[in-house]
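*Asks:* missing the sequence, but the structure's below:
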């Protein structure tokens, strides 16, 4: 009897070891890149009023964020950064997209936050909103968006340039309908050259096409040749996210180790690996007609010159009601 | 006693081996559940496949930076060197078995005249910045979408001139000839910061149909435009709401095939045809809806049209055929190729001549 139990246990243990070995890259990533906690930052009372305000290295106060109940709608802040050599480890978030996911109704709302939006930072002072991440990482970015937009964010996910490139390559590329020729003579040559300050030319031809990671990055990152500048690429970023969703429909939990390996060091989130895995079936079942897209162009924002910089003045009287239609106010 | 120990030892070793095998089996079982998408990115080369049907004449197509011809049911590789870039957008030279194609490098593209074997006869443009200006990337130029008109005039999109005081880089439509200067005449003035005017298709009467981009209300729209006189405001044949481009008139000039962007988040297109009466485009008829249809091209005899569409999980673009697309009752779309991965930004070029370089098949 005991012998039989030991033999059975041996097989179960062996199977478990085999499974753990398979998921090892994902487990390593889970420890390194996922499960990060968000600490909500309260701005110091004596905060400076300029963009050069010092980051709050030790937040004045922290509180654990409320977590959405399983199956309940939740909000994710998607962050994307130029994290190449010229930023020296202090990166901004060129892309900030609020996503509201309702697992029951399979509805998704995406709201792009313009990176040049001039706002009070949670760490103190006012600056472009893309600066929040540089002043305190994801916690500062989340806290800034929560405070300025009056909403609660359940999770965040941050991805760097190479993370996006590798993710798209890992899923075999994405099919994108380029809405117009995307032309840029001043595209940063920070991934392909030795000089992170050099430029290169980009020309994404219009129409449906399959893009690899580098091509997709050019499509979502280029802005100089677009009349809409940052708003144009915000729209393209949402487009690529939806194209990735089409590929996510085909992925399963067995694909996570390869994806984790591909994105290592260029991805972080406060979601656990199981929470990420649980998002895959949601992504697969969301119909395009159930996706709502919001871009905060004029009249939600207007041009602003401040501290010798071009920025965007938020029209909170319009932004907040629009945002709170989809993202509950707190 | 000893034999008992030996038997027990053998049993233990066997059980341990079985357990290890079981663990390995579990590992491989999970691995087998992986999606096949990444491995599917490597597709066949066209010459290793046969199309589902034999199409008349010769089609020139591009895949993976290489050019191919499809004639009499066989693909032939045009062995053009890819040492300095990727070949794309072939255009047959009317009345010959030569083609003009784009060689795209990292920061510029040039037009080349090739023979039927893919050998370069002549470089037609020089859009690379001079060696001394190698860091001044803006001194490079792009040239795309070559297309011959009935009089042998070559039309194409070109991003010159550029205004060095702004970031604007936009295509406009140009014409020239193989005999003289290539970029001889500028035909259109693009809307700045939109990407510009692309994909010129000359008509029998000398007018040039092309796609014009415009940005309004925060979105980019494509319009089908008709240039009747150089540098005069073109006639706009479609609306921004339709968002149509890649227009190609039928050989008899009575119908226009086009693709139009639609759906949430610009994730799909429609393949449409619309009657062309004079300079007016009639009510369009949708041939294929909610697809990734791209680059429609009419058969030289007007018997139907081909286009690209991506329908498999890997998202590869295959060649499709609709017989009778000019008629009121076109046939259902037929997938001509499988397991290939054509460059959807390279419209096929369809010559009425059959060209089969048998030795290189």
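*Replies:* On my side now, so go ahead. In this text, all values refer to a predicted model and were calculated from it rather than measured experimentally.

*Asks:* Spit out the contact partners of residue B:177.
*Replies:* B:152, B:153, B:154, B:184 (Cβ atoms under 8 Å, 6 or more residues apart in numbering or on different chains). Backbone N, C-alpha and C define where each C-beta goes, glycine included.

*Asks:* doesn't residue B:175 make contact with the last one?
*Replies:* Meaning residue B:184. Yes. Counting by Cβ atoms under 8 Å, residue B:175 is a contact partner of residue B:184 at 6.5 Å.

*Asks:* which of these two has more neighbours?
*Replies:* residue B:175 (22 against 12; other Cβ atoms under 10 Å in any protein chain shown).

*Asks:* Any idea what the more buried one is bridged to?
*Replies:* Taking DSSP bridges as the rule, residue B:175 bridges to residue B:155, residue B:185.

*Asks:* need the residues of the stretch 51-200 of chain A near chain B, please.
*Replies:* The stretch 51-200 of chain A comes close to chain B at residues A:170-175, A:177, A:179-186, A:198-200, as judged by Cβ under 8 Å from any Cβ of the partner chain.

*Asks:* which residues does whatever residue of the stretch 101-250 of chain B ends up closest to chain A contact?
*Replies:* Nearest residue of the stretch 101-250 of chain B to chain A, counting by Cβ to the nearest Cβ: residue B:195, 2.9 Å away. Contacts for residue B:195 were tallied using Cβ under 8 Å, 6+ apart; they are A:180, A:181, A:182, A:183, A:206, A:225, B:170, B:171, B:213, B:220.

*Asks:* What helix or strand is the fourth one located in?
*Replies:* Pointing back at residue A:183 there. Under DSSP states H and E, the secondary-structure element containing residue A:183 is strand A:182-188.

*Asks:* okay, residue 43: pLDDT?
*Replies:* Here I'm looking at chain A. Listed pLDDT for residue A:43 reads 48.

*Asks:* wrong chain, I was asking about chain B
*Replies:* pLDDT at residue B:43 comes out at 68.

*Asks:* for residue B:147, same thing?
*Replies:* 97.

*Asks:* Please report phi then psi for it.
*Replies:* phi -160, psi 130 (degrees, to the nearest 10).

*Asks:* check contacts around it.
*Replies:* By Cβ under 8 Å, 6+ apart, residue B:147 lies in contact with B:91, B:154, B:155, B:156, B:200, B:201, B:202, B:349.

*Asks:* Output those in TSV, with distance to residue B:294, pLDDT and neighbour count appended to each entry.
*Replies:* As requested, the contacts of residue B:147 are exported to TSV (distance: Cβ to Cβ, whole Å; pLDDT from 0 to 100; neighbours: other Cβ atoms under 10 Å in any protein chain shown):
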residue	distance to residue B:294	pLDDT	neighbour count
B:91	17	97	22
B:154	23	96	25
B:155	20	97	24
B:156	19	97	27
B:200	17	98	27
B:201	15	97	20
B:202	20	95	21
B:349	15	97	24
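
*Asks:* all helices for chain B, in order.
*Replies:* Listed in chain order, the helices of chain B (DSSP state H) span B:2-32, B:37-40.

*Asks:* Would you pull up how far the strand holding residue A:183 lies from the middle of the chain?
*Replies:* With Cα atoms, centre = their mean, to the nearest Å as the basis, strand A:182-188 stands 23 Å off its chain's centre.

*Asks:* Can you name the element that comes right after that strand?
*Replies:* Per DSSP H and E, the first helix or strand lying C-terminal to strand A:182-188 is strand A:199-204.

*Asks:* Point out where the chain drops to low pLDDT.
*Replies:* If you meant another chain, say so; for now it's chain A. A:27, A:29-68, A:84-89, A:193 (pLDDT under 70).

*Asks:* switch to chain B, that's the one I care about
*Replies:* Within chain B, the segments meeting pLDDT under 70 span B:1, B:36-43, B:164, B:355-361.

*Asks:* returning to that earlier point: quick one, which of the residues of the stretch 51-200 of chain A next to chain B are buried?
*Replies:* A:170-175, A:177, A:179-186, A:199-200 (16 or more other Cβ atoms under 10 Å in any protein chain shown).

*Asks:* can you pull up the bridge partners for residue B:66?
*Replies:* Where residue B:66 sits in a bridge, its partners, by DSSP bridges, are residue B:63.

*Asks:* In contact with it, which residues?
*Replies:* Contact analysis of residue B:66 by Cβ under 8 Å, 6+ apart lists B:45, B:77, B:78, B:80, B:82, B:87.

*Asks:* Return the backbone torsion pair for the residue lying closest to residue A:107 once chain neighbours are set aside.
*Replies:* Of all residues not flanking residue A:107 in the chain, residue A:290 sits nearest, at 4.6 Å (Cβ to Cβ, 6 or more residues apart in numbering or on different chains). Note on residue A:290: its backbone torsions stand at phi -100, psi 10 [degrees, to the nearest 10].

*Asks:* Spell out which parts of the stretch 101-250 of chain B neighbour chain A.
*Replies:* B:106-108, B:135, B:137-138, B:140, B:142, B:144, B:159, B:162, B:167-171, B:192-196, B:198, B:211, B:213, B:215, B:218-220, B:222, B:245-246.
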